[in-house]
Each structure stands twice: as C-alpha cells, then as structure tokens.
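[1] Let's see this in three dimensions:
(2 chains)
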Amino acid sequence: MAHYELTMPIDEAAARRLRVNDTVTLQRTLYGIRDATQIHLFDRGRTTRFDLAGHAVIHTAPNVRKVPVDAANPAGYAPVCIGTTTSDRMERFTEPLMARYGVRIIVGKGGLRDASAKAFREHGGVYLAIVGGTAALETTWIEAIEDVDLDDLNPESLWKFRIRDFGPLLVAMDSAGGSLYDAVRDDAAARRAKVLASLGVRS
Amino acid sequence: MTFRIETGAVEDASRELYIRALKMLPPDIKEGFAGLAARETDATAQRVLGTMIANIGVAEARDNLLCQDTGLPIYNVEIGRGVAVDGVALKAAIRRGCERATREYPLRSSVVHPLTRHNEHTSCGIDMPVIHVDFVDAEDTLKVTMIPKGSGSENNSFLKMAIPAEGVDAIKTFVVDCVLAAGGKTCPPTIVGVGIGGTSDHCVALAKRAATRALGTHCADADGAALEAELTRAVNALGVGPQGLGGDATAFAVHIELAATHITMNPVAVNMQCHSARRASATFTPAGVAYGY
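    Below you'll find the model as predicted:
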C-alpha cells in the first residue's frame, strides 16, 4: 500500500506500477467527462481538440459560473461546486477512451465492471475511487477551469481543470486485474444466504 | 378566520429552499453519520466516512454545495386547516422559485427533456419540478419541503409485483437483493426506502416517502416498524459499506411505508437516498416564515 504523487500526464509504466489499495494524489491537470460527452465522442462521431494521452479523466459535470475571461478564469467559467458522478453508466466508454485517446486514469465513484477491467489490463490504466458526494471538499482541490470543449453539451462539456493536491484517491481497479468492487461484491454475495436466514426467510 | 398565503412569498421560499437544501444537511443525518462512524470496524470505511463528515464541514465553512448533483427538484406541500391559497398560483410560484434558484445562484441544471435531452438550464421542464400537495391536521400552517433527489441513488429504484403465496419472505429477499445490486452506485451509506402494498404507482411513491423521511422516525404501523429494525440490521450485515468499498455502514436505516393492498397482490418497491440526504423546509404561519429541515 504505497502512496504516489502523479503529475499528469503519465506514461504506461507509471500506470502499471499502481496496485489496488495504493493511494494517489494527482497534480497539474485533470479532464472532466460525463455521459453526454462520451455519447457524442463515441456514438456521434465528434472529436475534441484536447490531447488526452496519458491523462486522467473524472466522471463529473460541474456547477460553474460564467465570468469574464481573465488570467484566473481563462475559459470564462469559475468553479462553483465540482464533484463526481456514478461511473457505472459509462462502463462501455472505458475501452475507447484508452484505445483512441490514450487515457491512463479514470477517477470516479461506485466502480466499473469487467469491460473496463479488461481495458485497464490491455492498455495499462487504473480506476481511482474518490468519495462520492463530497464535492465541497473536492472543489478545494481545483484551482481553475483552464479550458472547455464541446461546450454545447454544458454542463456535460469536456472540461480541463487545473488541480493541486487532488486526493488522496484510492486505487480501486488496477492493470493486474485487481478490483476492490469485485472483492466486496463476492464477499457480500457470500453473506447473502446467512443474512436471509437471519431474517427467517425459508430457502 | 382564514390564513391567506401570498404566492410571492412561496416563490421566494422555493428559491431559498433549493439552495439551503443543497448546502446544509439536516441534524438527523449528521447524527446518523456520527453513529455509523462510531460503530464502523473497517479501516477503509472509517476513512471514507471521515471524508464524508469532513465534507459537511467544508460545505458549511465555505458556504458551498455539499454535492455537485443538484438532483431532480421535489417540493412537498402540506396544507393545514384554515389556509386559503390559490393552488394553481402556488404551483406556478414553486416552479418560478426553482427556476430562479438555478439561474440566479447559479446551480447546475440537471434536468433535460427525456427524449431530446435538451437542457433548459432552469432545473425545470415538462412536469418538473415534482410537486406533491397534501393536507394535514394543523391550524393556519402551510409547509413546503424541498428535496433535491440525486440521480446515483434514484437510478437504483426497483419494483416487484410479488404474489401473496411468496409472503413477507419475498419482501425481505427483494430488499436485500436490491441493496446488493446497487452496491456502491447509490453512494452508500443510504436510507433504504421500502414501499409495501398499494397499487404499483402508490407502492413506488411510498418507497420515495420512506427514503426521504427523517432518520429516527419510524413506520406508523407496528409491524412495519418491527420490519424496519430487522431489515436495517440485515442490510448492514452484507458488507457493502460506504461507497461500496466494504465495511459495516451500508445504510443509515431501512425505512418502510405501508398501504393496504389487494387480496391477490404483494407489491414491494425500493427507492434509496444517498448519504447526502438533503432536505429543507419552510413553514408559513400568521407569524411569518420559519426555515428548517
């Protein structure tokens, strides 16, 4: 259980070094993506001018305030509250995010499933668990909204955040096939019969 | 005597309530967190609960929203005796208040047309916000409770039209299996709302009422209350834990609401509320408006 400070972007070796139960703090850059962002990128043939190679993306759609463009707010948006959404809905986008765009890290909550685990194994990537529903805290790790693309999808635009000390986050799925979610799900399934018996349910 | 409600005041309160609900957790939920943290035996779960509790403090200190999900806006209106109000104007006022909160704060509008996915950036749309109106036995009182319902928990909503031969066992098994299926997707620890009985639509509405009830309150029916305690112990023995990362604290509580049902039916519905179990209320009396939870 090691702790890593990762200044983004990273290479494949750095991603493959991470193991379940390690912790990670991200520095410099984080991209925000969501359902509609990925539906448009992967189902509707749209593209982004951002280079996501080696980067981390977070499953999010932020609360923002429109402001005049200046040094502090180069995209014309000030962060209000930026948090994390449930990753499971975006399971099928992990593979193309990694294969086409070279993304190395997905930050989310609630976990991803087998197709994502396979993508992490094949391409070299990890899933980092953030504590969902703690957006007030998360917002303090974001210095600025540096840029935005696909903004017709607002709030589900493709956001570029400048971050500092973003974490600690928990490595919950790794490139060696490890998944805390699988472990917890298997353990819970094993407890099911005993729990139902304690409720007097006849099997 | 008649207590007349001015809808302009309701509009202002509806705006205020949305913002308040998003920023301040009710005291019963904070107490619920303290109880879960005190009992938790898993080290990762302890850290996760600690982060959730820290976040409540950061939101209050920085006057910020607890969670970025502004949810689907629900307004529950309870009208007491002796109250005179134009119902059509009241519903329009609530909608305007919801729109103003979204535009003026500004909040992320999480509401889209269900087919075109067009976002009006007002948190409003066709038949949205959800507005429920009911009547209560209280003199000169009108209460509006606002609940921003997060989608992570709402996406894990379930209905089973079980049959009488399957008995209460079907209800218990269904609740346990819904909690297992939801895993970490609902942002646990949750309030697991269970509706039992009624018609299919009523059963689902009861589950929502149960999921959004204050912690520490119990089902009015004695058998329902006993089942709440039994199921609360059961789901917290599954090991799902906060965020689905393992641990004891899977749910603050299981809440149950009941309605009588048909001799051929045994319906059960589950609706969950995430750990950011937000709600805020405004009570109008002749003395003025009082804000609470």
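[2] OK, now which residue of chain A is nearest to chain B?
    Using Cβ to the nearest Cβ, the single residue of chain A nearest to chain B is A:Gly83, 3.3 Å away. C-betas here are computed from N, CA, C, even on glycine.
[3] Which strand or helix spans that residue?
    Assigned by DSSP states H and E, A:Gly83 falls within no helix or strand.
[4] residues near the residue nearest to it when sequence neighbours are not counted, how many?
    Spatial nearest neighbour of A:Gly83, excluding adjacent residues (Cβ to Cβ, 6 or more residues apart in numbering or on different chains): A:Ala135 at 2.7 Å. Neighbourhood size, A:Ala135 [other Cβ atoms under 10 Å in any protein chain shown]: 29.
[5] Same check on B:Glu154?
    18.
[6] just the one 10 residues further on next, same as before
    Around B:Pro164 there are 12 other residues, counting by other Cβ under 10 Å.
[7] tally of neighbours for the closest residue to it other than its chain neighbours?
    Nearest non-adjacent residue to B:Pro164, counting by Cβ to Cβ, 6+ apart: B:Asn266, 5.2 Å away. Applying other Cβ under 10 Å, we find 19 residues neighbouring B:Asn266.
[8] After the longest strand along chain A, which helix or strand is next?
    The residue-count maximum for a strand in chain A (DSSP state E) belongs to strand A:158-173. Sequence order places helix A:180-198 as the next helix or strand after strand A:158-173, per DSSP H and E.
[9] and that following helix, is it in reach of chain B?
    Yes: counting by Cβ under 8 Å from any Cβ of the partner chain, chain B is contacted by helix A:180-198 at A:180-181, A:183-185, A:187-189, A:191-192, A:194-196, A:198.
[10] Export these as a markdown table, with columns for pLDDT.
    Converted to a markdown table, these look like this (pLDDT from 0 to 100):
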| residue | pLDDT |
| --- | --- |
| A:Leu180 | 97 |
| A:Tyr181 | 97 |
| A:Ala183 | 96 |
| A:Val184 | 97 |
| A:Arg185 | 96 |
| A:Asp187 | 97 |
| A:Ala188 | 97 |
| A:Ala189 | 96 |
| A:Arg191 | 98 |
| A:Arg192 | 98 |
| A:Lys194 | 97 |
| A:Val195 | 98 |
| A:Leu196 | 98 |
| A:Ser198 | 97 |
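[11] could you dump the residues you listed to a markdown table with distance to B:Leu36?
    Shown next, in a markdown table, are these (distance: Cβ to Cβ, whole Å):
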| residue | distance to B:Leu36 |
| --- | --- |
| A:Leu180 | 20 |
| A:Tyr181 | 21 |
| A:Ala183 | 21 |
| A:Val184 | 17 |
| A:Arg185 | 21 |
| A:Asp187 | 19 |
| A:Ala188 | 17 |
| A:Ala189 | 23 |
| A:Arg191 | 19 |
| A:Arg192 | 22 |
| A:Lys194 | 22 |
| A:Val195 | 18 |
| A:Leu196 | 23 |
| A:Ser198 | 20 |
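[12] which of the residues you listed tops the neighbour count?
    Top of the residues of helix A:180-198 next to chain B by neighbour count (other Cβ under 10 Å): A:Tyr181, with 26 neighbours.
[13] Tell me which residues touch A:Leu150, please.
    Residues counted as contacts of A:Leu150 (Cβ atoms under 8 Å, 6 or more residues apart in numbering or on different chains) are A:Thr37, A:His40, A:Leu41, A:Arg46, A:Thr48, A:Ser157, A:Leu158.
[14] B:Ala225 too?
    For B:Ala225, the contacting residues are B:His218, B:Cys219, B:Ile256, by Cβ under 8 Å, 6+ apart.
[15] ok but it is inside a helix, no?
    Yes: counting by DSSP: H, G, I helix; E, B strand; the rest coil, B:Ala225 is part of a helix.
[16] that older thread, okay, now the residue of chain A closest to chain B: neighbour count?
    Neighbours of A:Gly83 (other Cβ under 10 Å): 29.
[17] contacting residues for the residue nearest to A:Arg19 when sequence neighbours are not counted?
    Leaving aside its chain neighbours, A:Arg19 sits nearest to A:Asp174 (5.2 Å; criterion: Cβ to Cβ, 6+ apart). The contact partners of A:Asp174, taken as Cβ under 8 Å, 6+ apart, are A:Leu18, A:Arg19, A:Val20, A:Phe120, A:Val126.
[18] Repeat that for A:Ala189.
    B:Leu180.
[19] and if you look at the one 10 residues further on?
    Residues counted as contacts of A:Leu199 (Cβ under 8 Å, 6+ apart) are B:Lys172, B:Val176, B:Glu230, B:Leu231, B:Ala234.
[20] Over to A:Cys81?
    So A:Cys81 contacts A:Pro62, A:Asn63, A:Ala135, A:Ala136, A:Thr139, B:Asn64, B:Leu65, B:Cys67, B:Gln68, B:Arg108 (Cβ under 8 Å, 6+ apart).
[21] do that again at 7 Å, thanks
    For A:Cys81, the contact set (Cβ atoms under 7 Å, 6 or more residues apart in numbering or on different chains) comprises A:Pro62, A:Asn63, A:Ala135, A:Ala136, A:Thr139, B:Asn64, B:Leu65, B:Gln68.
[22] how about the helices of the chain, start to end?
    The chain I'm using is chain A. Remark: helices assigned in chain A by DSSP state H are A:12-17, A:35-42, A:94-101, A:114-119, A:135-139, A:180-198.
[23] um, chain B though
    Going by DSSP H, chain B shows helices at B:7-23, B:27-39, B:43-61, B:87-104, B:151-154, B:167-182, B:200-211, B:222-235.
[24] Using JSON lines, lay out those together with distance to B:Leu245 and mean pLDDT.
    Formatted as JSON lines, those follow (distance: least, Cβ to Cβ, whole Å; pLDDT from 0 to 100):
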{"stretch": "helix B:7-23", "distance to B:Leu245": "25", "mean pLDDT": "98"}
{"stretch": "helix B:27-39", "distance to B:Leu245": "14", "mean pLDDT": "98"}
{"stretch": "helix B:43-61", "distance to B:Leu245": "5", "mean pLDDT": "98"}
{"stretch": "helix B:87-104", "distance to B:Leu245": "33", "mean pLDDT": "98"}
{"stretch": "helix B:151-154", "distance to B:Leu245": "15", "mean pLDDT": "96"}
{"stretch": "helix B:167-182", "distance to B:Leu245": "14", "mean pLDDT": "98"}
{"stretch": "helix B:200-211", "distance to B:Leu245": "22", "mean pLDDT": "98"}
{"stretch": "helix B:222-235", "distance to B:Leu245": "16", "mean pLDDT": "98"}
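[25] Which members of the contacts of A:Leu199 additionally contact chain A?
    The subset of those within reach of chain A, by Cβ under 7 Å from any Cβ of the partner chain, is B:Lys172, B:Val176, B:Glu230, B:Ala234.
[26] rewinding a little: identify the farthest-apart pair in the contacts of A:Leu199.
    Using Cβ to Cβ, those span at most 11.1 Å, a distance reached by B:Val176 and B:Glu230.
[27] Settle it for me: which of the two has more neighbours?
    For B:Val176 versus B:Glu230, neighbours defined as other Cβ under 10 Å are more numerous around B:Val176 (23 against 14).
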